[in-house]
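> Here's a sequence, model it:
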Amino acid sequence: MQWVRTEWTKQSRGEPEATRRNAVPEAFPLPHLRPAVHEVRLLEWHDFAPDWAPERAEPDRMTLSLREDDGVLAVQLQDTMIATPRRQHRPSPVRLARGEWLRWQINHRWARPRDGGWNYLLVTLNLAYGPVGDAKLFLGTPTRYVDERARLR
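Sure, this is the predicted structure:
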């Protein structure tokens, strides 16, 4: 499992900074093939350089629901952000068979309390069900794709 979180300010919405932001990858090669939760943060104020968090063995159950039944994994991304847009209708859980993988993307924006400026966040979840034989798996085309990105002002 790999989380890619890209965060930026209004400064990166227009050119030429938007070109740099849009070039940020939505997936990275895995550092190894063992089951783990990998998280990469790409922050505008760090020039969108990848910053890998320490890996974890288990996902955060507040942000992701996983249910395995009869060789099928049901995946539901939870929208825990208190930010716009508020999504009234969310997709149903995605069902994956062994060997399949999912890319799920969702975005938000919020006003910073200290100065009223805008921050933006794009979260990409790349999740494979079953053993992964190629560290570059998430660089390919997902079996399932959920796009919850909304137009952000």
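> in stretch 11-31, what counts as buried?
12, 17, 21, 24, 27-28, 30 (16 or more other Cβ atoms under 10 Å). C-beta here means a position set from N, CA and C on the backbone, and glycine is covered the same way.
> can you tell me the distance between the two ends of that stretch?
32 Å (Cα to Cα, to the nearest Å).
> host element of Thr6?
strand 2-9 (DSSP states H and E).
> Residues touching the helix or strand just after that strand, excluding its own?
Once the chain leaves strand 2-9, the next helix or strand it forms, by DSSP H and E, is helix 17-22. Residues outside helix 17-22 that contact it (Cβ atoms under 8 Å, 6 or more residues apart in numbering): 6, 8, 11-12, 44, 48.
> which stretches of the protein form strands?
2-9, 38-43, 51-52, 64-69, 72-77, 94-97, 101-111, 118-128, 144-148 (DSSP state E).
> that older thread, dump the buried residues of stretch 11-31 to CSV, plus distance to Leu127 and pLDDT.
Output for the buried residues of stretch 11-31, formatted as CSV (distance: Cβ to Cβ, whole Å; pLDDT from 0 to 100):
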residue, distance to Leu127, pLDDT
Ser12, 27, 85
Glu17, 30, 84
Arg21, 24, 88
Val24, 19, 95
Ala27, 11, 98
Phe28, 14, 98
Leu30, 12, 97
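> Report the central residue of this protein.
Thr124 (1.7 Å; Cα atoms, centre = their mean).
> Let me see the confidence value for that residue.
Thr124 carries a pLDDT score of 98 in this model.
> what's near enough to touch it?
3-6, 26-27, 103-105.
> can you redo the strands of the chain as CSV with distance to Thr84?
Formatted as CSV, the strands of the chain follow (distance: least, Cβ to Cβ, whole Å):
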stretch, distance to Thr84
strand 2-9, 15
strand 38-43, 20
strand 51-52, 26
strand 64-69, 22
strand 72-77, 17
strand 94-97, 24
strand 101-111, 6
strand 118-128, 10
strand 144-148, 13
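> quick one, which of the ones you listed is nearest to Phe138?
When the strands of the chain are compared by Cβ to Cβ, strand 118-128 sits nearest Phe138, at 4.1 Å.
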